[in-house]
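S.K.: okay, predicted coordinates and the sequence, questions at the end:
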Amino acid sequence: MTQQLAIIVLIDVAAALKARTLKDNTYLFDNMKLQGSENEGTGDLVTAINGSYWFDGSQAEEQVMNWLPYALGAIPPTVPRSFYSDRTRDSDQEALAALTKIAATPGTNIVAELDRIKQRLGTRASVKSVHRAGHVRPGHKILDLRGEIVPSDSRDDIPELSNAAPVITGITGEAVDKQIIYPAQYGSPDLVTDGWYWSASVDTSRPGIYVYTMEIHLREPVWKHGGWLWEPVRMTFTSKIKVTSLPKRNGFTQADVGLLPLSCPGTP
Amino acid sequence: MEPKDTQDHEPPRQQPISIRAVIDVVGALATGSLSGNLYLLDTNRANGSTGIGTESLRTRVRKGDQVLWTALPLECEAFASIEDIVVDKEFCMVESRTYPGTDVSYWIGTVKRDTEIATYYIKFKLGTRMEAMTTASPAFLVGAAT
Amino acid sequence: MKTKIDIVILVDVISALSDGTLLDGNLAMMDNGHLPSTDQGTPELCTVCQPGQTIQWTIHAVDLQTPVEIRRITFLDTRSDVEDSGDAAVESPPGDRLSLNVWSGVVPPWAIPGAVYKYRLELQMYEGKNSVMTIDSCSLRCA
């Protein structure tokens, strides 16, 4: 079976930052419910990994796991990847057009107009660079849940915002230590996951339930050095895989390979 | 959310309550039903929402709260969108909007009055299927009276 | 003579389930036989083969993460296009264990040169009332 496993890690970022824990704020889903995964939509997901082997015991197929972290309380990841930079650029264009208009119109109350433009300008937030963080987005303006620019650039609290997506920075734990899963971060043209994602192949020769830990960075807007910064907050969350393995068999005979059941001439 | 500053004070909550519908598009299309293939979640657990991650989400709301619904397909290359939200207009008037410059839609509404409980159903467009699919069982907006 | 021919089936699962058909571009079949098979890339693939060759069918979902399995391959009687009851495939266990099946077999020595052997391909996508779909436009032709 070539179906790849996809595990969605959906985090209520605002609640997790407030409580300083991912516990009770993380919801996991995978595409293996039919194949035996349990507790979909909760933090206690057990992902079923059904392997298979040939008659000589060698592994028959490669099972591949992929992790997709998303934020609850954010613009959904289905918007085009360029959405944030497009909105930022549109906002700047609007401001430039408004400035041009002030210059061209004699008698305008310049101070009041400039103030009005400044209010709508929004806030650029930088992301503190962290090694192996993967997809950082420097210089994009903060958007709200409707995709509009948040009109604030002062140290006053931002009234509402679309939370930044969480980032997985590592996969560790029992399943990795025992060499059941081999995780690595990959670059990808897949536009949904921003170009980076964690993936792991699985050794299905040792059936059992294994625990693994995801190291996750959330991003919190913090006022520092005269501007907004997405500060990384490190947290971890564990999940489980349930590995099974069964022998391959021939589809026509349910045993070994044989002759194709084409009709034999002379039979009625 | 309220970002940190040196005083660490909590300004009044202005953030809309986000409800997200996670849909197993393949499951829904193959079985012909959303039952067993839908998970509803919201960002208001701290204020009393229950059933988060189930089909029977009970979102805690107050008069004046804005509620925003978005859809997320379990299979990242599948298409899923909310076609309609069937809820009592007297309680919550909902409308569909689009993220500017995209064809991705969301639904937003304001809770007009405090009430004990209001039920709603969601209709989804899935894959390339012409006909929308409606939730088999309702979800709830729950007021302070409960 | 090449000893093995691979027939690969590609399915757009979401589209097939949405449309309710494997036609209209939702299924493509192709093989790597050295003799000139016809209708490569379509559900009407006719694979040219010879007695003694092993033929193996494998199936993939185009987006890699949706489930699709071969439920059954049944050769249709050449005389009257009904199922060959004497030679029907042994029934597999249902459900997700379909992925354990390896669909391969050897072209038998009694295959008649020039004869076309049509077969029915039954696919299973997830489970439920819309999950099983069939085509019977594909075939083998003995060289």
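M.R.: Yes, it's here.

S.K.: I'd like to know how many residues surround residue B:128.
M.R.: Look at residue B:128: counted by other C-beta atoms under 10 Å in any protein chain shown, it has 16 neighbours. Where C-beta positions appear, they are placed from N, C-alpha and C, glycine not excepted.

S.K.: that one reaches residue B:79, doesn't it?
M.R.: Yes - between residue B:128 and residue B:79 there is a contact under C-beta atoms under 8 Å: 7.2 Å.

S.K.: how many other residues sit next to residue A:246?
M.R.: Counted with other C-beta under 10 Å, residues neighbouring residue A:246 total 15.

S.K.: from residue C:23, how far out is residue C:12?
M.R.: Using C-beta to C-beta, to the nearest Å, one gets 11 Å for the distance from residue C:12 to residue C:23.

S.K.: higher neighbour count, these two?
M.R.: Remark: of residue C:12 and residue C:23, residue C:12 carries more neighbours, 22 against 14, as counted by other C-beta under 10 Å.

S.K.: quick one, what contacts the more buried one?
M.R.: Contact analysis of residue C:12 by C-beta atoms under 8 Å, 6 or more residues apart in numbering or on different chains lists C:25, C:26, C:27, C:61, C:62, C:63.

S.K.: are there residues contacting both of residue B:128 and residue B:79? Which ones?
M.R.: residue C:14.

S.K.: what mean pLDDT does stretch A:75-88 have?
M.R.: Here stretch A:75-88 scores 89 as its mean pLDDT.

S.K.: helix, strand, or coil at residue A:15?
M.R.: helix (DSSP: H, G, I helix; E, B strand; the rest coil).

S.K.: show me where chain C has its helices.
M.R.: Assigned by DSSP state H, the helices in chain C fall at C:13-19.

S.K.: so which residue is smack in the middle of it?
M.R.: residue C:121 (4.6 Å; C-alpha atoms, centre = their mean).

S.K.: run a quick neighbour tally on the spatially closest residue to that one that is not a sequence neighbour.
M.R.: The shortest distance from residue C:121 to any non-neighbouring residue, by C-beta to C-beta, 6 or more residues apart in numbering or on different chains, is to residue C:135 (5.3 Å). Residue C:135 is flanked by 19 other residues according to other C-beta under 10 Å.

S.K.: hang on, residue C:135 packs against residue C:22?
M.R.: Yes - between residue C:135 and residue C:22 a contact is recorded at 5.2 Å, counting by C-beta under 8 Å.

S.K.: can you list residues touching both of the two?
M.R.: The contact lists of residue C:135 and residue C:22 share residue C:43, where a contact means C-beta under 8 Å, 6+ apart.

S.K.: tell me what the residue lying closest to residue C:98 once chain neighbours are set aside is bridged to.
M.R.: Nearest non-adjacent residue to residue C:98, counting by C-beta to C-beta, 6+ apart: residue C:69, 3.9 Å away. The partner list for residue C:69 in beta bridges (DSSP bridges) reads residue C:124.

S.K.: list the contacts of residue C:69.
M.R.: A:1, C:59, C:98, C:99, C:101, C:123, C:124.

S.K.: pLDDT and neighbour count for the residues you listed - can I get that in JSON lines?
M.R.: Converted to JSON lines, those look like this (pLDDT from 0 to 100; neighbours: other C-beta atoms under 10 Å in any protein chain shown):
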{"residue": "A:1", "pLDDT": "50", "neighbour count": "21"}
{"residue": "C:59", "pLDDT": "96", "neighbour count": "22"}
{"residue": "C:98", "pLDDT": "91", "neighbour count": "20"}
{"residue": "C:99", "pLDDT": "91", "neighbour count": "22"}
{"residue": "C:101", "pLDDT": "94", "neighbour count": "24"}
{"residue": "C:123", "pLDDT": "96", "neighbour count": "22"}
{"residue": "C:124", "pLDDT": "95", "neighbour count": "22"}
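
S.K.: between the residues you listed, which is closest to chain B?
M.R.: The nearest member of the contacts of residue C:69 to chain B, counting by C-beta to the nearest C-beta, is residue C:124 at 9.1 Å.

S.K.: for chain C, what is the nearest residue in chain B?
M.R.: Nearest residue of chain B to chain C: residue B:31, at 3.1 Å (C-beta to the nearest C-beta).

S.K.: count the neighbours of that residue for me.
M.R.: Neighbours of residue B:31 under the rule other C-beta under 10 Å: 19.
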